[in-house]
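>>> Give me a 3D structure for the following:
(chains A and B)
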Protein chains: 2
Amino acid sequence: MEQINNIQVVPCTSSNYLKPFRVHYSQNGTKKSWDFMRTHDSVSILIFNTTSQCFILVKQFRPAVYMCEWEKNQSTQAKEKGTEDTPVPEEEEKGETENHTHLPPASAGVTYELCAGLVDKPDLSLEEIARQEVLEECGYDVPLSKLRRITSYRSGVGVTGAKQTIFYAEVSDENCVGEGGGEPLEGELIEVVKVPLQEAMKFAYDENIPKTMGVIFSFIWFHSNVSPKFKISTNV
Amino acid sequence: MEQINNIQVVPCTSSNYLKPFRVHYSQNGTKKSWDFMRTHDSVSILIFNTTSQCFILVKQFRPAVYMCEWEKNQSTQAKEKGTEDTPVPEEEEKGETENHTHLPPASAGVTYELCAGLVDKPDLSLEEIARQEVLEECGYDVPLSKLRRITSYRSGVGVTGAKQTIFYAEVSDENCVGEGGGEPLEGELIEVVKVPLQEAMKFAYDENIPKTMGVIFSFIWFHSNVSPKFKISTNV
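Down below sits the predicted model:
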């Protein structure tokens, strides 16, 4: 799917995206502190196309996932060589790491996810943001009235504390008005993927297919709450 | 549950826990970069006590969640006053914020979660780490053979890329050997909570109960895969 190369990792002293803060507080009289990051809440959308009886997911290269796999790869190689150095430089002077010979394939960083986006437009409702994401990423124009709220939860509790609200959107081929793929100007390079209903539960539990918990949860939610009306066995 | 006060937020120039890195790479010939953080993979465990027919969860104060709610609170107040300043200081000289008059209650930062822990002991298997967490946090001594792997997924794709593996552990009162509560020396202050099987699905979808997606997913997974053998309706 992707050609990934020229990988260089450098320590990042100042990031526009990741800004740690520290909170000092007292809990039951004991002084404590915790480092956290601010981030936006988010929405994610389970999309089901009734024409093709398929779920619509997005697939993209995730640098953070790739680096995670790259690091495991390095650790394994270091163990085999008997040199267990930390593979990603922490505070090194040269601040640069490149290893063309042992790069995992780009597919190691590709994940399957629900269509999703940040809640970063204060004037829009969650439903309106969800609608925009479905259009931009997957090419479906969904009326707001077709967005059904499933539930919400904390998407992170240790670092960000952000809340994610998950929606269900039933679409048909008639709602398909574009190719999706995200906003190239924002650097998004998203592939729209169809997962047939009948293969969904196998897909959900196949650990060889890298995915988010949102995909697994929403497929199993659909199976319990929606699929009976389609009268198709999803083979749990 | 908790007394939280003396809250002070300061920018954090160097954190031992949150260290941003930057990766430069080429994707299909286009140069890109991405800021990410290293973290450990993790395990989480759905615990079901067959004696009391209850799920065993943990409940704790999460500073990151609290700060998220605090910030929303501040934004709302600023809107009401007509002053929409960024509530948490970004690069301010004084680097300190305190607002005793408008603090949300501590309960705003308390979340219900699955028993979980980081995979930070290279010599232990995922099952062994899961077993330790169940003992430390919830007080149950579970034989390794009783830990059933449910599946794995990426717990974060934007910032960390880490993988989480989720297990199911069936325990009885006989396995209960302690009170749990976490490691006070590590600053953990965890309350063990029981959720009766019959209330589980209502609990899962009640958005007034702050929780992680792991709780919702695993309750619905249990309903589909395990509860039939207990012959109890879980009222989906």
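>>> Next up, phi/psi of the residue nearest the centre of chain A, please.
Residue closest to the mean C-alpha point of chain A, counted by CA atoms, centre = their mean, is residue A:113 at 5.1 Å. When read as degrees, to the nearest 10, the backbone of residue A:113 gives phi -140, psi 160.
>>> nearest residue to it other than its sequence neighbours?
Distances taken as CB to CB, 6 or more residues apart in numbering or on different chains place residue A:212 nearest to residue A:113, at 4.9 Å, with adjacent residues excluded. Bear in mind the C-beta positions are built from the backbone N, C-alpha and C, glycine included.
>>> separation between the one you found and residue B:197?
According to CB to CB, to the nearest Å, residue A:212 and residue B:197 sit 27 Å apart.
>>> Also residue A:20?
Here residue A:20 is placed at a distance of 40 Å from residue B:197 (CB to CB).
>>> now the helices: where do they sit in chain A?
A:63-81, A:126-133, A:200-205, A:213-225 (DSSP state H).
>>> any idea which of those scores lowest on pLDDT?
Across the helices of chain A, helix A:63-81 has the smallest mean pLDDT, namely a mean of 84.
>>> Can you list the helices and strands that that one packs against?
Applying 3 or more CB pairs under 8 Å, 6 or more residues apart in numbering or on different chains; DSSP states H and E, one finds that helix A:63-81 contacts strand A:4-11, strand B:20-27, strand B:30-37.
>>> angle of the last one against strand B:20-27?
For strand B:30-37 against strand B:20-27, the angle between stretch directions is 160 degrees (axes from the mean of the first three to the mean of the last three CA atoms, to 10 degrees).
>>> cool, the first one as well?
Put simply, strand A:4-11 runs at 170 degrees to strand B:20-27, going by the same axes, to 10 degrees.
>>> anything in strand A:4-11 sitting right up against chain B?
Yes - using CB under 8 Å from any CB of the partner chain, we find that strand A:4-11 touches chain B at A:4-11.
>>> Restrict that strand to CA atoms and write it as PDB.
Output of strand A:4-11 as PDB, limited to C-alpha atoms (Å, rounded to 0.1, in the frame of the first residue of the first chain):
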ATOM      1  CA  ILE A   4       7.800   4.400   3.600                       C
ATOM      2  CA  ASN A   5      11.500   5.300   3.700                       C
ATOM      3  CA  ASN A   6      14.200   7.800   4.800                       C
ATOM      4  CA  ILE A   7      13.100   7.300   8.400                       C
ATOM      5  CA  GLN A   8      14.900   9.500  10.900                       C
ATOM      6  CA  VAL A   9      13.900   9.800  14.600                       C
ATOM      7  CA  VAL A  10      15.000  12.900  16.600                       C
ATOM      8  CA  PRO A  11      14.200  14.000  20.100                       C
END
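>>> Could you list the buried residues of it?
Within strand A:4-11, the residues that count as buried by 16 or more other CB atoms under 10 Å in any protein chain shown are A:4, A:7, A:9-10.
>>> Give me the mean pLDDT for it.
Mean per-residue pLDDT for strand A:4-11: 86.
>>> what angle sits between it and helix A:63-81?
Using the same axes, to 10 degrees: strand A:4-11 against helix A:63-81 is 90 degrees.
>>> The residue of chain A most remote from its centre - nearest residue in space that isn't next to it in sequence?
Distance from the C-alpha centroid of chain A, by CA atoms, centre = their mean, peaks at residue A:29 (38.5 Å). Counting by CB to CB, 6+ apart, residue A:29 lies nearest to residue B:3, which is 7.0 Å off, once chain neighbours are set aside.
>>> May I ask you to confirm that that neighbour is in contact with residue A:30?
No - at 9.7 Å, residue B:3 does not count as touching residue A:30 under the criterion of CB atoms under 8 Å.
>>> what number of residues lie near residue A:143?
By other CB atoms under 10 Å in any protein chain shown, 10 other residues sit near residue A:143.
>>> and what of residue A:81?
Using other CB under 10 Å, residue A:81 has 9 neighbouring residues.
>>> Same question for residue A:17.
For residue A:17, the neighbour count with other CB under 10 Å is 14.
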